[in-house]
Structures are given as structure tokens and as C-alpha cells.
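1. Fold the following for me, if possible:
(one chain, ligands or ions: 1)
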Amino acid sequence: MSALPRPAIGFVPTPADACSAMLELAELKAADVVYDLGCGDGRLLIQAAVDYGASGVGIDVDARLLEVALAQAQAAGVSDRLTFRQENLFECEIAAATVVFIYLLPHLNLRLRSRLQAQLRSGSRVVSHMFDMGDWRPDLTLRLQPSEEDSVLYLWRIP
Ligand SMILES: C[S@@+](CC[C@H](N)C(=O)[O-])C[C@H]1O[C@@H](n2cnc3c(N)ncnc32)[C@H](O)[C@@H]1O
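-> I've put the predicted structure just below:
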């Protein structure tokens with residue numbers, strides 16, 4: 001794997017109302033393995049582990065954010081189910097995921113799209129905060145209104 005790149009987007013956390021809605025939209029189960037590609041402070045994964053009993057993997061290039069994520073997972077008592085890795089989300093292995101969360105940018109979603117389609121198994125779900133995937137049409141679009149940041153969520157199911 002090549003050297004870590006600079007972040008393609010800075011840390012902008014998903015607001016609390018959208019976090020809860022993303023977890024619901026994914027229809028999370030305890031058996032799910034949830035990946036957050038660009039996990040920031042790990043809030044989505046920690047909530048997935050606390051509220052649904054899911055396990056997960058957080059990928060980020062920012063070591064400081066990963067330290068925060070691990071500390072918060074420990075404080076919430078779910079660090080045994082979560083792993084945080086300093087990796088490039090465009091190169092990391094994601095085949096083990098049954099659910100993938102992203103909050104990136106439109107052109108980054110498009111860059112990631114072929115990896116999602118190639119690596120994820122049938123029945124896996126992808127949920128994006130705010131941005132779609134061009135002509136890969138979502139199975140469901142949810143506009144949160146009223147919402148902290150006028151969030152729009154997109155869900156794709158891997159056929
Ligand atoms: C908009 S934030 C989203 C944070 C979190 N997923 C959430 O929804 O609250 C995007 C995150 O992607 C990370 N990031 C940017 N480029 C990356 C890359 N190439 N590989 C891994 N992480 C990256 C940033 O450090 C940042 O934490």
C-alpha cells in the first residue's frame with residue numbers, strides 16, 4: 001500500500017439527527033459489520049455498536065481523530081467491537097463490510113463507487129450523508145426535515 005495521502009476532505013461530523021437516521025436507514029443488526037470510510041471521531045460506529053450491538057471498522061488518515069475515536073469507544077464500553085485504522089479509504093480492503101457509511105464529497109463518492117460495487121457482497125448496504133453517486137441511482141433517498149443541517153441521506157443495496 002502506498003504512503004498515506006493528505007485528507008481529501010476535512011473533518012465535518014455528521015450531525016446527531018442524521019447519525020440516528022443513517023443507522024435506521026441501514027436497518028442495522030447486531031450481526032452487521034459496519035465500515036465508516038473517513039470515520040472522523042468514530043461517532044457513527046460508536047452509536048452503531050451501542051444502540052445495535054454491531055461491530056465495525058473505522059478508516060481515516062488523521063491519527064489524531066482516530067485517537068479520539070478509540071478513546072470515545074472505550075468510554076462507551078464498545079472498543080472490543082470496533083477497530084480504527086489509519087489507512088487511505090481509496091485503497092483499503094472493504095470486502096468484510098455488510099454496511100458502509102460515507103460522508104465525503106460528490107467527486108470522492110464517484111471515485112469510491114467502483115470499489116464499493118466490486119468488493120461488497122450481495123445484500124450489503126451503503127449509506128451516504130449528503131451526496132449521491134451520479135448515475136448509480138439510490139434505492140432510497142431521505143430528506144431530514146426539520147434537521148440540524150438539512151441532511152439528505154442516500155441508501156444503496158448491493159444486488
Ligand atoms: C466529512 S468527515 C466525515 C466524518 C464521519 N464519517 C462522520 O460522518 O461524522 C470526512 C473524514 O474523511 C477523512 N478522510 C479524508 N480523506 C481520506 C482518505 N483519503 N482516507 C481516509 N480518510 C480520509 C477525514 O480525515 C475526515 O475525518
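
2. so what's the residue in the chain that the ligand sits nearest to closest to, chain neighbours aside?
-> Closest contact between the chain and the ligand, by C-beta to the nearest ligand atom, is at Gly38 (2.4 Å). Where C-beta positions appear, they are placed from N, C-alpha and C, glycine not excepted. Nearest residue to Gly38 in three dimensions, chain neighbours excluded: Leu89, at 5.4 Å (C-beta to C-beta, 6 or more residues apart in numbering).

3. quick revisit: quick one: the residue of the chain closest to the ligand and Ile59 touch, right?
-> Yes. Judged on C-beta atoms under 8 Å, Gly38 makes contact with Ile59 at a distance of 6.9 Å.

4. Name the SS class of the residue minimising distance to the centre of the chain, please.
-> For the chain, the residue nearest the mean C-alpha position is Phe101 (2.2 Å; C-alpha atoms, centre = their mean). With DSSP: H, G, I helix; E, B strand; the rest coil as the basis, Phe101 sits in strand.

5. Any idea what it is bridged to?
-> Legend: beta-bridge partners of Phe101 under DSSP bridges are Asp36, Val127.

6. where do the contact lists of Gly38 and Ile59 overlap?
-> Shared contacts of Gly38 and Ile59, defined by C-beta atoms under 8 Å, 6 or more residues apart in numbering, comprise Leu89.

7. so what's Met1 scoring on pLDDT?
-> At Met1 the predicted local distance difference test score is 56.

8. returning to what we had before: now that the residue nearest to the centre of the chain has come up, it's in contact with Ala21, right?
-> No. With contacts counted by C-beta under 8 Å, Phe101 stays clear of Ala21, the gap being 11.5 Å.

9. what about Arg85, how many neighbours?
-> Arg85: 14 surrounding residues under other C-beta atoms under 10 Å.

10. For Gly56, see how far away it is.
-> Distance of Arg85 to Gly56, given as C-beta to C-beta, to the nearest Å: 11 Å.

11. Next: Asp41.
-> 14 Å.

12. Looking at the two, which is more packed in?
-> Shown here are Asp41 and Gly56; by other C-beta under 10 Å, Gly56 has more neighbours (27 against 23).

13. is it true that the more buried one touches Tyr35?
-> Yes. Look at Gly56 against Tyr35 with C-beta under 8 Å: they come within range, at 6.6 Å.

14. Flag every residue of the chain that's near the ligand.
-> Proximity of the chain to the ligand, by C-beta under 6 Å from any ligand atom, involves residues 5, 7-9, 11-14, 36, 38-40, 43-44, 59-62, 65, 88-90, 103, 129.
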